[in-house]
Every structure is written in C-alpha cells, then in structure tokens.
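K.L.:
mind looking at a prediction? Sequence and model below.
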Amino acid sequence: MSHVVQGRMTHSYEGELVVFHIGMQINKWWRLDLWLPVFGAMPRMLRELSMDPDSGFLGFQLLMGAGGPYVVQYWSSADKLYRYASAPSQEHRPAWSRFNKAARKAPGAVGIWHETFIVERAESIYVSTKPMGLPKATTLVPITHNHDRAQARIADGRTSATG
C-alpha cells in the first residue's frame with residue numbers, strides 16, 4: 001500500500017504529455033453478459049502497457065463515474081497512444097472488435113467513450129496525499145516558495161510539457 005507523502009507536492013515533466021480518459025457506461029446493469037467482458041478487458045490492457053516501457057504509457061488512475069468505471073491515462077506521445085490502439089497484436093484491438101460485435105447484438109446496453117488531451121502546460125498540487133495522478137505518472141517534486149501559488153506553477157516551464 002502506498003504511503004502518504006507529507007507536504008505540498010507538484011509534478012515535473014519534460015516533453016509531450018497526453019492525458020487520455022476512457023470509460024464505459026453501463027446502461028443495462030442486468031446484462032452482465034454484455035458489459036462484464038468490456039469491464040474485464042481494461043485490466044489486461046493496463047497490465048500489458050505497464051509492463052512495456054517503450055509503449056509511451058506513463059501511468060493511470062482508476063475512477064468511478066456516474067455511469068460506470070473510467071480510467072485516466074498518461075502518455076508520452078499521442079502517436080504512441082494511437083499506435084497501441086490500432087496494433088492487432090496488442091490487447092486493445094481485439095477487445096475493441098469484440099465490443100463492436102457484442103454492441104451490434106444489443107445496441108445501447110453498454111457504451112464506451114474516450115477523450116484525448118494533448119497538454120501544453122499542466123499545473124498540479126497534492127497536499128498530504130498518496131501518490132496519484134500526474135506526479136505518480138511523471139515525477140513528484142516538492143513545491144518551493146516561488147511556486148506556492150497555482151499561477152506561478154502554470155507560468156513556470158518546470159511543470160510544463162513544453163519546457
């Protein structure tokens with residue numbers, strides 16, 4: 001179990017940064033046969049990505065939304081994200097094909113959604129929390145006096161994807 005990091009922390013990262021949200025919306029809870037396979041596919045993908053340091057996958061955070069589970073993922077490149085999504089030898093492509101086949105049989109039972117953000121600048125603060133989010137996926141650093149305010153952190157290239 002992760003320990004609480006005392007104090008005020010932020011993240012530091014140089015290079016392209018992509019934040020990818022992906023989730024499922026369970027519209028018919030009683031149709032386990034339709035949404036359970038979708039639910040079970042994500043852990044296999046996350047495990048596969050976490051074990052491949054060249055994938056561009058930096059980390060993830062699992063969350064629960066109003067309609068079902070979703071994952072916030074951090075990537076070092078949009079190209080690497082798209083390459084993974086379309087690779088037939090990786091977990092995602094066959095899972096996506098299975099989902100589409102099942103969705104045609106029972107339209108509307110389960111939905112899939114995603115949002116991709118290419119981040120030029122990112123500001124963060126974590127006060128006495130366990131490692132999570134951007135600093136868990138990148139580098140956790142203490143907030144210094146001259147970065148005490150959010151405006152200073154966002155203005156400084158130290159926590160910017162561009163520099």
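P.N.:
Received the coordinates, thanks. Numbering: from 1, shown residues only.
K.L.:
what's the span of stretch 84-99 from first residue to last?
P.N.:
Stretch 84-99 has its terminal residues 17 Å apart, counting by CA to CA, to the nearest Å.
K.L.:
sorry, that was for stretch 53-61
P.N.:
First-to-last residue span, stretch 53-61, CA to CA: 18 Å.
K.L.:
list the buried residues for that stretch?
P.N.:
Within stretch 53-61, the residues scored as buried using 16 or more other CB atoms under 10 Å are 55, 56, 57, 58, 59, 60. C-beta coordinates here come from the backbone N, C-alpha and C atoms, glycine included.
K.L.:
so the fourth one is in contact with residue 76, correct?
P.N.:
By that I understand residue 58. Yes - in terms of CB atoms under 8 Å, residue 58 counts as a neighbour of residue 76; the distance is 5.9 Å.
K.L.:
give me the pLDDT for the nearest residue to residue 143 once chain neighbours are set aside.
P.N.:
Distances taken as CB to CB, 6 or more residues apart in numbering place residue 8 nearest to residue 143, at 4.3 Å, with adjacent residues excluded. Looking at residue 8, its pLDDT stands at 91.
K.L.:
now the helix or strand harbouring residue 8: buried residues?
P.N.:
Assessed by DSSP states H and E, residue 8 sits inside strand 5-12. Buried residues in strand 5-12, counted by 16+ other CB under 10 Å: 5, 9, 10, 11.
K.L.:
for beta bridges, what are the partners of the nearest residue to residue 115 once chain neighbours are set aside?
P.N.:
Sequence neighbours aside, residue 21 is the residue nearest to residue 115 in space, at 4.5 Å (criterion: CB to CB, 6+ apart). As for beta bridges, residue 21 partners with residue 72, residue 115 under DSSP bridges.
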